[in-house]
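In: generate coordinates for the sequence data below:
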Amino acid sequence: MSEDTLLQKAQAGDANAMCRLAISYEMGLGRTQDIKQAAFWLRRAAAQQSPWALKKLAEYAKKGKLGKVDLGTEERIRERLFNMGNPARSDKVTVVANQTAGKILLVDDDPDILDHWNEYLLPIGYTILKAGTPKVALEIIKNTSDLKLIFFDFEMPQANGFQFMNGLSQLGLLSNLKVFICSVDANKAKIAHAKKMGVVSWLVKPVPPKKLKEVIAKTMAEIASKEEAA
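Out: Now for the predicted structure:
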């Protein structure tokens, strides 16, 4: 299987392809060794209930390879996966902080990524909303006032970034929102198409914390400037 095919299968939700991609990043097979990328694909495979990925993540946690998002034990990893698979728990809207100056919505089916990003964004002082599915994200958008920014994981099970943008456009919800797409894919054609649809920027995962904060600060400043001039 070619590297391009492997990546395409992984992005399409194939857990085995995700595991193979994680191994290649871990061992530096045909690509630069990158433990963060390996852990990223392991988490996505674990979300598909892959026992091997779950076990591997537990090993990473014990060896401290997961850094600040270290889940500590296999039991806690299992608990996270259970929460994801239980609609009554995973579809809950999570409000992390309740400050002024606008709200930011994070949309990703990986709860660890949401927690990791929240850890970086809390000090900024905005209200942080989190959603694990596009459906929940849409409900938040329709029912939340003063929502400014959305960071959407392109490879979501229910809808990809293009479908999500189409949905927002059809419902007339794009005019007051700044949408950012996040993805491990850096395909230039996809990025160009996303910008034509109104996406502010395409951020390649893993997004460095400094980059994330800079993007938010710059965009919020632009929004504030336009609101003052209006």
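
In: name the single longest helix found in the chain.
Out: helix 209-229 (DSSP state H).

In: who's in contact with that one?
Out: 101-102, 104, 117, 120-121, 124, 126, 148-149, 178, 180, 200-201, 203 (C-beta atoms under 8 Å, 6 or more residues apart in numbering). The C-beta positions use only the backbone N, C-alpha and C, and glycine is treated the same way.

In: at 6 Å what do you get?
Out: 120, 148, 178 (C-beta atoms under 6 Å, 6 or more residues apart in numbering).

In: from the middle of its chain, how far away would that helix be?
Out: Averaging C-alpha positions (C-alpha atoms, centre = their mean, to the nearest Å) puts helix 209-229 20 Å from its chain's average.

In: average pLDDT across it?
Out: Average pLDDT, helix 209-229: 83.

In: in that helix, what counts as buried?
Out: 212, 215-216, 219-220, 223 (16 or more other C-beta atoms under 10 Å).

In: who are the contact partners of Arg20?
Out: Arg20 neighbours (C-beta under 6 Å, 6+ apart): none.

In: so it is in which element?
Out: helix 15-27 (DSSP states H and E).

In: just after that helix, pick out the following helix or strand.
Out: helix 35-47.

In: what is that following helix packed up against?
Out: helix 15-27, helix 51-62 (3 or more C-beta pairs under 6 Å, 6 or more residues apart in numbering; DSSP states H and E).

In: can you list the domains in this structure?
Out: Annotated domains of the chain cover 3-87, 91-229 [automatic domain parsing].

In: lowest average confidence across those domains, which one?
Out: Among the domains of the chain, domain 3-87 scores lowest, at a mean of 70.

In: and Lys188, which of the helices and strands packed on helix 35-47 is closest to it?
Out: helix 15-27 (20.7 Å; C-beta to C-beta).

In: okay, the angle between the closest one and helix 35-47?
Out: 160 degrees (axes from the mean of the first three to the mean of the last three C-alpha atoms, to 10 degrees).

In: show me what counts as buried in helix 15-27.
Out: Applying 16+ other C-beta under 10 Å to helix 15-27 flags 15, 17-22, 24-26 as buried.

In: now do stretch 189-207
Out: Quick answer for stretch 189-207 (16+ other C-beta under 10 Å): 190-191, 194, 197, 199-203, 205-207.

In: CA atoms of that stretch as CSV?
Out: The C-alpha atoms that make up stretch 189-207 are tabulated as CSV, following Å, rounded to 0.1, in the frame of the first residue of the first chain:
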residue,chain,number,x,y,z
ALA,A,189,-6.3,22.0,-3.5
LYS,A,190,-8.4,21.3,-0.4
ILE,A,191,-7.0,24.4,1.3
ALA,A,192,-7.8,26.5,-1.7
HIS,A,193,-11.4,25.1,-1.9
ALA,A,194,-11.9,25.7,1.9
LYS,A,195,-10.9,29.4,1.5
LYS,A,196,-13.3,29.8,-1.4
MET,A,197,-16.0,28.5,0.9
GLY,A,198,-15.2,31.2,3.5
VAL,A,199,-12.8,29.4,5.8
VAL,A,200,-10.4,31.9,7.4
SER,A,201,-7.4,29.6,7.6
TRP,A,202,-6.5,25.9,7.4
LEU,A,203,-4.4,24.8,10.4
VAL,A,204,-2.2,21.7,10.0
LYS,A,205,-2.3,19.4,13.0
PRO,A,206,-0.7,19.2,15.4
VAL,A,207,-1.2,23.0,15.8
